[in-house]
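Chemist: The following comprises the amino acid sequence and a computationally predicted model.
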Amino acid sequence: MRTRHLVDPELLALADAFPTLTFNNENLPRIRAMAETLTTSVDCASFGIEKREIIVPQEGDAPSVRCLLYEPVGGPLTDAAYFQIHGGGFIMGRVEDGEARNVKLASKLGMTVMAVSYRLAPENPYPAGLNDCYRALVWLAENASDFGVSPDRIAVGGDSAGGCMAARLCLYARDQGGPQIVFQNLIYPVLDDRTGQLGGTIDPTLGELIWTPENNRYAWAALIGSNDPADVAPARATSLKGLPPTMITVGALDLFLDEDIAYARRLLHDEVACSLIVYPGAFHGFDLAGESKVAQRFENDILSGLKTGLGL
């Protein structure tokens, strides 16, 4: 491991234990099944949280969207809500994957959290997943009063590919005149399909662990399908003006470090309030080492960012 000396010592065990994954259409079902075993169940009641399933209908032939709603028992203490999108490289992942964080956020901030499922690539390339997320977001805004939520106090966020979906969702909502998102929380987001492309250049300290340039090429190709990449990747948007205040968090060894820094700079240039936090010695998905100091600092930063972004 050429970057081992740069890794936070508390993260080395995770780096050594995580399997090397090479994605292709043949082994994708097996990797998806393996990834599902990593999802840990949460005793929501012990956090004072009630979980329920919401099925959001869609028009036409599109399938309904399955969502999970997390609410403080007895009702939320604030009318703000967080709309969360799971990661998984666009090609895997489930709505349950973010449950541990979603439950803690709902409990500590006393608010409603809604996690959304979406169709995965390559079976369902862009814009299927985005359409699912947008339909669920519109449904939440239209039915906000039923959950004690104000439709103008909804934040959107996600990790990795979920961060990309969140960024694209904010762009789409802006362009469609949709729900007024007040804050976007982008957790080591995938933003630029050009990162790691063959023939391109990349900092050799980035992307050795967990998520590699090879994985990135496969995932983006699966998502984009026959579409124009300029219509898919948030980093290719011609303007970021009018987007909500943003927080971006990323590890210093993450493949997406440079593109996340570039996106933060563009947001600031386009007069969007943005905070960027880079964690030394951290690679993609480092928060899986939940007991490490850097992961705990990361979780506290997310909590604090949402608290500020939602005006709590």
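Modeler: Alright, I've got the coordinates.

Chemist: And the strands in the protein, which stretches?
Modeler: 49-56, 65-72, 81-85, 112-116, 154-159, 181-187, 246-251, 274-279 (DSSP state E).

Chemist: which residues are in contact with the fifth one?
Modeler: Read that as strand 154-159. For strand 154-159, the surrounding residues in contact (C-beta atoms under 8 Å, 6 or more residues apart in numbering) are 80-87, 98, 137, 140-141, 144, 163-166, 169-170, 179-189, 244, 306, 309-310. In short, each C-beta sits where N, CA and C put it, glycine included.

Chemist: now swap in the first one and tell me
Modeler: Counting by C-beta under 8 Å, 6+ apart, strand 49-56 makes contact with 44, 64-73, 99, 103, 106-107, 114, 135-136, 139, all of which sit outside it.

Chemist: So for it, mean pLDDT?
Modeler: The pLDDT scores in strand 49-56 average 97.

Chemist: follow-up on the earlier one: just the buried ones out of the contacts of strand 154-159, please.
Modeler: Buried members of the contacts of strand 154-159, scored by 16 or more other C-beta atoms under 10 Å, are 80-87, 98, 137, 140-141, 144, 163-166, 169-170, 179, 181-189, 244, 306, 309-310.

Chemist: for residue 121, what are its contacts?
Modeler: 90, 91, 128, 129, 219, 222, 223, 225.

Chemist: ok, residue 132 touching residue 120?
Modeler: No. Applying C-beta atoms under 8 Å as the test, residue 132 and residue 120 come out as separate, 10.1 Å apart.

Chemist: Between these two, tell me which one has more neighbours.
Modeler: Remark: of residue 132 and residue 120, residue 132 carries more neighbours, 25 against 22, as counted by other C-beta atoms under 10 Å.

Chemist: mind checking how far the more buried one is from residue 285?
Modeler: Taking C-beta to C-beta, to the nearest Å as the measure, residue 132 falls 23 Å from residue 285.

Chemist: ok, now residue 104?
Modeler: Residue 104 is 18 Å from residue 285, by C-beta to C-beta.

Chemist: Ok, residue 84 next?
Modeler: 16 Å.

Chemist: any idea how far residue 162 is from residue 17?
Modeler: Separation of residue 162 from residue 17 (C-beta to C-beta) stands at 23 Å.

Chemist: How about the contacts made by residue 213?
Modeler: Residue 213 is in contact with 195, 196, 197, 202, 207, 255, counting by C-beta under 8 Å, 6+ apart.

Chemist: you'd agree the fifth one is up against residue 214?
Modeler: No. Residue 207 sits out of contact with residue 214 when judged by C-beta under 8 Å, with a separation of 9.2 Å.

Chemist: Mind listing the shared neighbours of those two?
Modeler: Both residue 207 and residue 214 are contacted by residue 196, under the criterion C-beta under 8 Å, 6+ apart.

Chemist: More neighbours: those two, which one.
Modeler: Neighbour count, other C-beta under 10 Å: between residue 207 and residue 214, residue 207 has more, with 25 against 14.

Chemist: Spatially nearest residue to the more buried one, not counting backbone neighbours?
Modeler: residue 255 (3.2 Å; C-beta to C-beta, 6 or more residues apart in numbering).

Chemist: same question, residue 227
Modeler: Among residues not flanking residue 227 along the chain, residue 126 sits closest, at 5.2 Å (C-beta to C-beta, 6+ apart).

Chemist: Then residue 122?
Modeler: residue 222 (3.8 Å).

Chemist: what residues are up against that neighbour?
Modeler: Here residue 222 is in contact with 90, 91, 121, 122, 125 (C-beta under 8 Å, 6+ apart).

Chemist: same check, this time on residue 207
Modeler: 196, 213, 216, 253, 254, 255, 284.
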